[in-house]
Structure formats: C-alpha cells, structure tokens
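# everything below, folded, please.
(2 chains)
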Amino acid sequence: MTEKPKSFQEIILRLQSYWAGQGCAMLQPYDMEVGAGTFHPATTLRALGDKAWAAAYVQPSRRPTDGRYGENPNRLQHYYQYQVIIKPSPPDLQDLYLGSLAAIGIDASVHDVRFVEDDWESPTLGAWGLGWEVWCDGMEVSQFTYFQQVGGHDCHPVSGELTYGLERLAMYVLGVDHVMDMPFNDPKSPIPLTYGDVFRQTEEEYSRHNFDLASTDQLFRHFEDAEAECARILAAPEDDPRSGKRIIAAHPAYDQCIKASHLFNLLDARGVISVTERQAYIGRVRALAKACADAFVRTEAGGYSA
Amino acid sequence: MPDLLIELFSEEIPARMQARAAADLKRLVTDGLVEAGLTYAAAAGFSTPRRLALSIEGLSGASQPVREERRGPKADAPDKAIEGFLRSTGLTRDQLETRADKKGEVLFAVIERPGRPAAEIVAEVLARTIREFPWPKSMRWGAGSLRWVRPLHSILCILSDEGGAETVPLEIDGIVAGDVTRGHRFMAPEPFSVVDFDDYEAKLKSAFVILRPDERADHIWHDATNQAFAAGLEVVEDPGLLTEVAGLVEWPVVLSGAIGQDFLDLPPEVLRTSMKEHQKFFSVRNPKTGRIERFVTVANIETRDQGATILAGNGKVLAARLSDAKFFWENDLRIVAEGGLAAMAAGLANVTFHNKLGSQADRITRITALAGDIAPLVGADAGEARKAAEICKADLQSEMVGEFPDLQGLMGRYYAKAEGLDDAIAEACEAHYRPLGPTDTVPDAPVSIAVALADKIDTLAGFWAIDEKPTGSKDPFALRRAALGIIRLILTNDLRLSLDRFIDAQLLRHKIELNREEANDDDIDTLEEILAEIGKYGVFGSAFRAVVDARKGKNGKVVDDIGKRVPDVSDDLLSFFHDRLKVHLRDHGVRHDVIDACLAMPGSDDLTLLVKRATALSEFLGTEDGENLLQGFKRANNILTQAEEADGVEYSFGADVKFAEEAEEKALFAALARASEQLAPAMEAEDFGKAMSVMADLRAPIDAFFEAVQVNAENSVLRRNRLNMLSQIRGICAGVADLTRIEG
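Have a look, this model is predicted:
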C-alpha cells in the first residue's frame, strides 16, 4: 500500500512519475493563458492525424468567471489541471488510470470509484468526445474522454484523454476543506507553504482585474487582432522563400486562436457579452480552431506526407 | 435444442441507455435468427454497467433445408436471356434442367439450400447486430473502426446443450468470441469461463455482479427502506432515480448517513434536488415533520471498513454541495428581506426572453396587465392577480433557481412567504406554471388561475404575433403544451370566458411593443385606446373600428397594418386552440367531426360552452334516436339542397299546416312546432341535454314522414310546402349544431 502524499506538489510529482513510467513524454505547461489543459497544442493539435502520441503535463488554467477573491473553498480563477493524452487510446486505459489513483494514495478497495456518463464537448474547439466523469466516493476527480472530433476533423486513430482537476483531487486526498489551507509543500519543510501562501493574493488581484479592471475596449480590440492575425498567418503560402522549405505555421496560428479564446473568456467575465452575442463569439473562436486544425493536418506532425 | 448465451462486455455503459440496449440486443438477434430460419422457445436480455447479455432457450440446432424451383426462359431462347437467368440464380448452364412444356422445352433452375448449423447463423447475426447496433450515441476507440457505446472488450457467445458448451466462432475487429467473462471490476477482476446461462448468472453472483437490473433495484430499495425504518424514517420514493442508480452499480451496497444539522432547515425540495441532481442520493424523510434528515447512497463495492471511508467521503461532498445551497438560500432571503421579490425581479429587465419578444421584464408587464383583465372572470381580485403576476417570475433571478432550474416557482413560493405576501400570491408563484403536461395537476385557486392563463396566453399571442408557430414535430417553445394548459385550466375549473377577447388584447399588446420604435406617438395612443376598449366591445375588430372612426384621419400606416392583421392572426390562434381541443377531447372519446359540428355555432371561443355542447351531442349521436335523427336530418337536407339547386330558390319560409295532406305530415308539423318552442329556452339555458331530448322527440315523426310522404309531389303547392317544412327541420337542427359536419 502506497503511503499517502503529504502535499499538493507531491501529488503532482507522483502523477508525473507514474505517467512517465507508462511511457508518456513529460511535457511542460504551454506558455500561454488557456481555459483548460485541452487547449495545449500537445492535446488539441496532436489529437489530429494518424501519428502515435503519448504525453502528460501540468497545465495552469484560467477561468476568469470563477474568481472568488480567494474566499470560496473550491473555486479559483487560476488552477491546475493534469493532462494525459495517448493516441491511439490503449485498450487498458481505464486500468492505467486506476493505477494513477493508486499512485496518489487512493486505494480502490476501500473507495467507491465509478465511471459516470459525461460526454465532453468544446464548442470553441469544435471538438467532442465520449467518456465519463470519474467519481471517487461521490466526488468528481477526473474527466475521461475518447476524442471523436477535434477542430471539425474526425479523430482517427482516437486519442484517450485524462484530465485531473488537481486542487480538488488533492484536497480530497489530503483531507483539506478549504483550498487555501492545503499544504503546497511538505508541512515539515523548513519553510512550509500552503496553497493560500502562494495564491491567495493573486486570486484577489486577478478577481478584481477580471471583474472590474480589465479594459473591455482593449479586450474587444485584441480579440479582433488575434482573429485577423490567425487568418493572416494561415494565408501565407506553404513554401517559405527564406528557408526554401514547405512550412505551414499551424502552431503560431493556433497561438492566436488560444489568445482569442482567453480574451473571449475575459470579456465574458466582464459581463459585456450578451446571450445572443455569446454564441457568435464562440462561433468565431471555433472558426479559428477549425482553420488551425485544417492547417495542422497538412503538416508532418499532423500526418502529412508528400 | 441448444441454448444460446451472449455477453457483450465493455467499458461503462451510460445508465440511461442500458434498458433500451438490452431490449434492442434481444430484438435484433432474435429477429435475425428467425429470419435465417431458426426457431427458439424463449429469450431474455439483461444489462449491467459493463455488460449486455442475452439468453435464448431452445434454439433449433440448424435451419431447415430449402428447395426452390424457378422457371426460366425457353431452352432455345437467345443466349442473353439464358445468361441473365444464370446470373440471377447463381447456377451454370449444365445445372439447369430442361422440361417439356406446352410451348416447348423450358429451362428450370432447382436451387437447394441446405440447412445451416445454428452456430454459423448466430455468428452472422451477432456480427451484424454489433455493427449496426442502434446506440443513441456511439464512438470509436484506439485505431479501430468498430463503433460501440464505449470500448467493447470481449464477446462471450456459446451454444450449450446436454453434451456441453460450444463457443460460436466469431471475430469482430480483432475481438474473438469466447466463453470467458469477468466479474466485478475491483472485487473479482479475474476472468472465468461459463457453460450456460445458469452457470453464467451464478458465477457472476459469486464474482459480485448481479446480472438482473430489477434484482439490483429491489435489493437497493429493500436495504434503503430497512435502514430508514430502523431509524424511524422513510425513503422518499423516486422510481426514476432507483432505475438510474441500479444502472450505475453491478454490486449495490446501500449506505446511509445523516445530513449536517446546519442544513436541516433548508426546504426539503432543495435538499432533495441537490442530493439527487449532484450525487444520485435518495432522501430520507422524517414522517412526523416532513423534514429530510438523512441520505442514502449506493456504492458499488463492499469494503473491509464496511463502507466507512466511502460514507465519510460522500458526506463531505454532500456538505460542500449543501453549503452552496445554503449560501444561495440565505443570499436569496437577504435580498427578499431588503427589497422583497420586486427587488429580486429587477434584474429580469436584462434577461432576454426571446430576441423579438423583449426581456423577461417586458413579458411580466404584459402578463400583469392581462392577469388583471382576466381576474374578475375567474373570481380573483384584480389587484392581487396583478401583484402575483408582477413577482411570479422573480425567482428566476434567485441564486437557488440559477443552480437548480427545476426549482423555479417553488422557490418563488418560499420567498413570497418569507416576504409576508398573501398565501394566494405565494401559491400563484408556484402554480402559474401549471399544468405542465397532460397529467399535471391544474391550479384551482382564483389568483393562480388568472396568472396561469395570462402567462400562457401571452406566450401564445407573442409567438403568433411574430409568426413563429409550431410546425410538424417542431415546437421549441412548447406552444402546444401552453394551449393544452389553457384548455385544461378552463375546462377543469368550468370557467366561462370568451378567449377571443383575451387573445386579441394580448396580440395587440405584443403588436404595440413590436412597433413602438417605428410608430409615432399618435399611433401608439390610438392602439392603447383600442386596447382599453377591447373589454367593452369584446373583440379587437369592433373596438378598432370604434376608436379609428372616432379619431378619423389621424392614423398612420402602423395602425392600418395592425387593423388588417390582428383579426387574421387571432382567428388562426383560436383555430390552433380548437385543434388542441380536438386532440384533448379525442382522448376523452369525443370525435373530431362532432367538435366541428359545434365549432360552427356561436360562442365557440367559450371552450366550456363548446365542450358542453359537444359532449351532449356526442352522447346523443351515440343513441339509437340520435343516429336515426341524424339520418333523417341528412335526408331532409339532401332533398332540400337538391331542390334548392334545381329550382334556384331557397325554401325557408311559409310552410303551412293547412296544406298538409297525410296524417304523418300533420304529425310532423305539430312535432316541429313543439320542438322549436321547447328548444329556444333550452338553448337559452345552455341545457344541451334538454335540447338533445327535444331533438330525440323529432326522430319518430321524421322517420314516419319519410316513410309515408313523397316530398317531390306532382302538385307544386304541396311540394313547395313540404320543402319549406324540411327547411324547418334544418333550421331547428342548425340551432343546436351543424349536423352537416357529422360524418357517416
């Protein structure tokens, strides 16, 4: 029986070493503001095409509307997701997943672990898949999805995606009731730090920013800019005159899609997007995601061969 | 006769799809087997979260051989014809027989299909069933192309008889069928083989899997009620939840726990909804107080700590959820304490109801006006009805309803009580949504009725005003349900009101809003004056003419347009009500043609009157007298219509008894005089039963008249007199209903 982890970071470290042991490439977080780990190009773009792929990473994620000034025990505008993506999905993915729970101290023989229907859909990414939310003693601890479509393209082969909401999972494993009280490092460290020590102030600052300070005029402008830039990048001819190579800049274009998506989230948090406009904005981001997916499948990593 | 056992073992199947899938598996496989020439004695399908199973008893071991003869072309037919015949039969030239026929030598094909062993047929049918399985949603996985609800891991397919079990050879996308399955994911994960269905079910049970969904449900309910009973409590029944939970577990273990003291004061509906929606918990109620005090959760595993860890974890999640609910509840109550439901409703101005029909606040303003108009006719105080309408949707802005939309209305009732509003108003907050379906209870309190009618009429008038009516199976705004709701509110409460007036008023309110931008102030004044006058004149048309005549020359195009359109739209909406009424009454045994016959009569927008008339007529037509009177009427009407067409005149006046020759003719004169004398007061009193019995009295004299008297007599005076008398029959009947609409 594995010993129980003592801190938030130990749970992350154990997941890292577990999935490394399963042969996943340990990637690092994507260096842009995203709403969820799925937005990392290692998931969104790599789920496309027929090349085998296996990666895992922590992704800091931002949901501006969820900001609660650090006061709510479970809600944060900035939080961490742990993301695993394997293509093609291996036949024992459920068992591998259960192995990861064991690695962080969840013993399936005394807990009630259940796979409860929850189909996943991302209207902004033009993506959907079937799977479950995984319950442990009535609490949702992960999302488990078999990708069927991304950016409007059928996934073939299918990727299996696992997403762990790290704070919630860790609070459960560590038996903590308020996220800010959770030990970030080992409580016996010379300088013990809680999650609150690290993030309480930033939650306050960003909550204020997201709800009141962010300049909506500028956000609207930046959204338009990102949208235009994405199209401009994708419109470039495939043959690069400088290097003489065929280079489709799918990733740089996709960066602009990520930007547009985050700007939309901020505008939503500022409450300046009406219900009807909302659909239109989501449609615009989806159009970018689709264009990027179309571009990526024409690249080598996307399975293109001349 | 072998038995067949099939199990399709997969990753977790959504609970809501399991029962249907087990039935589909049974249907598709048995249909396929029968079609291929096999017979069977019995079949049953089963499901758990991880498997679909099918047991078929007494399957024939092989299909019967089939011999078929087909006649082909003549032996000396052109090559092309013979080749075609060979192609269609799959034979070669030397396999054909040549037989003598009257016309010469003819080719015959004798095709013999030998019987096929069951295993071969089962393999074919099962492979096809799996590939074409009608899942509501299916998926691919890995690098394969097979679709299933979730990844399919193994197929068990065996035929067994006294001699033992035989695996049916079958492979689909790399999955080879065998005789092996697995037990519970955690408690007995090792594979094992089985020899027949009894063995399968027994071994599953010892591997902690209960195969039968109803057995799992019974087990859950038994343990849950026992545990509650032991604590002097009772489990709140919820058959839907029971079925769902039985589909989430293979080995149900019932655990119950207490709800924290802090949460016991939340409304019981809030506790129930939160526990059910988020966690699939059953609620356990104290029968003495009606309070929800404990919960029941169903785990899928037995643990060495008897579920202590699981229960503690579930309790913790519940506490977090209920903290949210309590937070919402207290926040909502604070807002109500500070500014009442009116303050809560303020935000509805920013909530769009429909992009052409404005905000929720606009909608409430219209409903409030209409509820005030309706109130006196349903015995409600107009002020109370308006007050109720103003706040009846305020709870849509509450945090609780934001989290649990199902609690709309109910929370309004709680918050209205918290504000100290009248019980009648509080009740209307909840009841005005009703009836929600054909079996939902219908409000009977006057204020609730007024607001419920106003709400639904406003919705219908609005979508008619913007021409977004239901078409075919598309009814995204549930307008049919709203119309049926109005019908049931009126009929159940025996309300006497003229729908036209309220439809017209609300259509006009919508038109004013829709045109407020475009129209000038004068136009709006005119329209509002018309609106104020509708009550006096009863319908839009007369009010419109009165007001427009009085304001001659001052009206713009908008007023003209509205004047032209509203009556048509209003007629169309009323006929929509009539269509829904026909559907409703059909379910109560009243034929549509009977309703049509009554619709032609005045006051058909008074649904209670309409239904009284239709019911009486329907009953009358069901009697022998009624049936014969109808025939008599039709005969009279036909003769009269033909004569009128031939002669180009209308026979409607001046029948005189002095021209009556025959006794039967005289008797009919007397009967008709008596009938019209009695009918008038009966109709006046809306005593349709009496009216029908008056009509019934006419039956014998009419029958006797047709028996004895020739209407189209040689003598033109007699003929005209008789035709004029037939016209009296037509006239009397037309005073009750338009019998020409009755079929048969």
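# residue A:89 belongs to a helix?
No. Counting by DSSP: H, G, I helix; E, B strand; the rest coil, residue A:89 is not part of a helix but coil.
# tell me, how many residues neighbour the closest residue to residue B:92 other than its chain neighbours?
Leaving aside its sequence neighbours, residue B:92 sits nearest to residue B:86 (CB to CB, 6 or more residues apart in numbering or on different chains; 6.6 Å). Heads up, the C-betas are built off the backbone N, CA and C, glycines and all. Per other CB atoms under 10 Å in any protein chain shown, the neighbour tally for residue B:86 reads 17.
# so is residue B:86 in a helix, a strand, or just coil?
Secondary structure, three-state DSSP: residue B:86 is helix.
# how close does it sit to residue B:70?
Distance, residue B:86 to residue B:70, using CB to CB, to the nearest Å: 11 Å.
# residue B:577 too?
Residue B:577 sits at a distance of 61 Å from residue B:70 (criterion: CB to CB).
# what's the distance between residue B:723 and chain A?
Per CB to the nearest CB, to the nearest Å, residue B:723 is found 67 Å from chain A.
# ok, and that residue, which helix or strand is that part of?
Assigned by DSSP states H and E, residue B:723 belongs to helix B:716-734.
# pretty sure residue B:609 contacts residue B:688?
No. Residue B:609 lies out of contact with residue B:688 (CB atoms under 8 Å); the separation is 9.1 Å.
# and these two? which has more neighbours close in?
residue B:688 (22 against 18).
# and the residue lying closest to the more buried one once chain neighbours are set aside, which of the three is it?
Leaving aside its sequence neighbours, residue B:688 sits nearest to residue B:616 (CB to CB, 6+ apart; 3.5 Å). Three-state call for residue B:616 (three-state DSSP): helix.
# who's in contact with residue B:616?
By CB atoms under 8 Å, 6 or more residues apart in numbering or on different chains, the contact set of residue B:616 is B:688-689, B:691-692.
# same thing with residue B:572?
By CB under 8 Å, 6+ apart, the neighbours of residue B:572 are B:464, B:469.
# then residue A:119?
So residue A:119 contacts A:128-131, B:137 (CB under 8 Å, 6+ apart).
# so which of residue B:577 and residue B:70 has more stuff around it?
Ranked by neighbour count (other CB under 10 Å), residue B:577 and residue B:70 place residue B:577 first, with 22 against 14.
# point me to the helix or strand that includes the more buried one.
Using DSSP H and E, residue B:577 sits in helix B:557-586.
# what mean pLDDT does that helix get?
Averaging pLDDT along helix B:557-586 yields 90.
# with stretch B:386-398 instead?
Mean pLDDT, computed over stretch B:386-398, is 95.
# now the end-to-end length of that stretch.
End-to-end distance for stretch B:386-398: 21 Å, by CA to CA, to the nearest Å.
# is that stretch positioned near chain A?
No. Judged by CB under 8 Å from any CB of the partner chain, stretch B:386-398 and chain A are separated, with a smallest distance of 13.7 Å.
# now swap in stretch B:329-343 and tell me
No. Contact of stretch B:329-343 with chain A is not found when judged by CB under 8 Å from any CB; the minimum separation is 13.3 Å.
# what about that stretch, distance to the chain center?
Relative to the chain's own centre, stretch B:329-343 is displaced by 37 Å; criterion: CA atoms, centre = their mean, to the nearest Å.
# list the buried residues for it?
Within stretch B:329-343, the residues that qualify as buried are B:329, B:332-333, B:335-336, B:340-341, counting by 16 or more other CB atoms under 10 Å in any protein chain shown.
# got the CA positions of that stretch in CSV?
Extracted as CSV, the C-alpha positions of stretch B:329-343 are listed here (Å, rounded to 0.1, in the frame of the first residue of the first chain):
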residue,chain,number,x,y,z
TRP,B,329,-30.8,30.2,0.2
GLU,B,330,-29.5,32.8,2.7
ASN,B,331,-28.5,35.2,0.0
ASP,B,332,-31.8,35.0,-1.7
LEU,B,333,-33.6,35.5,1.6
ARG,B,334,-31.4,38.5,2.4
ILE,B,335,-32.4,40.1,-0.9
VAL,B,336,-36.1,39.4,-0.3
ALA,B,337,-35.7,40.8,3.3
GLU,B,338,-34.2,44.0,1.9
GLY,B,339,-36.4,44.8,-1.1
GLY,B,340,-38.9,42.0,-1.5
LEU,B,341,-39.4,39.9,-4.6
ALA,B,342,-39.7,43.1,-6.5
ALA,B,343,-36.1,43.8,-5.9
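# does the residue lying closest to residue A:301 once chain neighbours are set aside sit in a helix, a strand or a coil?
Leaving aside its sequence neighbours, residue A:301 sits nearest to residue A:51 (CB to CB, 6+ apart; 6.5 Å). Classification of residue A:51 using three-state DSSP returns coil.
# ok, residue B:309 next?
Following three-state DSSP, the label given to residue B:309 is helix.
# how many residues are close by the residue of chain A at minimum distance from chain B?
Minimum separation of chain A from chain B (CB to the nearest CB) falls at residue A:137, amounting to 2.8 Å. Look at residue A:137: counted by other CB under 10 Å, it has 24 neighbours.
# can you list the domains in the chain?
No chain in the question, so chain A it is. Domain assignment for chain A by automatic domain parsing gives A:8-209, A:215-296.
# my bad, the chain I had in mind was chain B
According to automatic domain parsing, the domains of chain B span B:3-62+B:117-206, B:66-113, B:213-302, B:607-741.
# could I get those as JSON lines with distance to residue A:39?
As requested, those are arranged in JSON lines below (distance: least, CB to CB, whole Å):
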{"stretch": "domain B:3-62+B:117-206", "distance to residue A:39": "22"}
{"stretch": "domain B:66-113", "distance to residue A:39": "58"}
{"stretch": "domain B:213-302", "distance to residue A:39": "27"}
{"stretch": "domain B:607-741", "distance to residue A:39": "57"}
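# now mean pLDDT too, for those, in a markdown table please.
Listed next are those as a markdown table, based on pLDDT from 0 to 100:
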| stretch | mean pLDDT |
| --- | --- |
| domain B:3-62+B:117-206 | 96 |
| domain B:66-113 | 86 |
| domain B:213-302 | 95 |
| domain B:607-741 | 88 |
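# which residues touch residue B:682?
Residue B:682 makes contact with B:688, B:690-691, B:694 under the criterion CB under 8 Å, 6+ apart.
# look up how far chain A lies from it.
57 Å.
# do the same with residue B:379
Relative to chain A, residue B:379 is positioned 39 Å away (CB to the nearest CB).
# report pLDDT for that residue.
95.
# which pLDDT value goes with the closest residue to it other than its chain neighbours?
The shortest distance from residue B:379 to any residue other than its chain neighbours is 4.4 Å, reached at residue B:446 (CB to CB, 6+ apart). According to the prediction, residue B:446 has pLDDT 97.
# alright, that wraps it up for me.
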